[in-house]
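> turn this into a structure:
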Amino acid sequence: MNVRLAKVDDHALLLCLRHAVWGSRSNRFGRWERGDRLVFVVNRAVAGVAQVEGEPTYSERSIWRGGLYPYRLPIQFLHLMLPSAKSVLRMIAKATNDLPEITADLARYLEEAQKLGGANIAGGEKSGPVGSRP
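As a prediction, this is how the structure comes out:
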């Protein structure tokens, strides 16, 4: 089993969670195997750990802002630290799209993340296996 690091922002992390996929602009997943771990780092802190669940794929369906990232790996989150309220507000403040659309998207992503992670979204204080309940 290999362990790799991925530095992302909160928004990209939530999109990976929502779509259960990790993407790259280049075809670099040749040595990745089922069971490998991907550690997500947000703002210099571990925010999640996912496991590779299958073979690499190619898709031109847009998921992430700022790029297509067509080379993709299916992943499943094992541990997740949900974003703090402060980082959620930073995400909204940085957004360049229509605020009502972003707010609706963010609310939906956070609701999905909370259902999967069972964590305290406001404080981002709890980490544990995705799907676990307090």
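> what segments of this structure are helices?
10-19, 85-94, 99-117 (DSSP state H).
> check what pLDDT the nearest residue to L38 once chain neighbours are set aside gets.
Excluding the flanking residues, the one nearest L38 by Cβ to Cβ, 6 or more residues apart in numbering is A50, at 4.8 Å. Glycine gets a C-beta too; all of them are placed from N, C-alpha and C. A50 carries a pLDDT value of 95.
> is it correct that A50 is in contact with D36?
No: counting by Cβ atoms under 8 Å, A50 stays clear of D36, with 9.5 Å between them.
> and those two? Which one has more around it.
Neighbour tally, A50 and D36, criterion other Cβ atoms under 10 Å: the higher count belongs to A50, 26 against 18.
> which ones are touching the more buried one?
Contact analysis of A50 by Cβ atoms under 8 Å, 6 or more residues apart in numbering lists C16, W22, R37, L38, F40, I75, Q76, F77, L78.
> turn the residues you listed into CSV, columns for distance to G30, pLDDT and neighbour count.
Shown next, in CSV, are the contacts of A50 (distance: Cβ to Cβ, whole Å; pLDDT from 0 to 100; neighbours: other Cβ atoms under 10 Å):
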residue, distance to G30, pLDDT, neighbour count
C16, 20, 94, 22
W22, 14, 96, 23
R37, 17, 96, 16
L38, 15, 96, 21
F40, 21, 93, 25
I75, 17, 97, 23
Q76, 21, 95, 13
F77, 23, 94, 21
L78, 23, 93, 15
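> closest to D9 out of the residues you listed?
For the contacts of A50, the minimum distance to D9 (Cβ to Cβ) is 10.1 Å, reached by F40.
> for M1, see how far away the closest residue to that closest one other than its chain neighbours is.
Nearest non-adjacent residue to F40, counting by Cβ to Cβ, 6+ apart: G48, 4.2 Å away. Counting by Cβ to Cβ, to the nearest Å, the separation of G48 from M1 is 17 Å.
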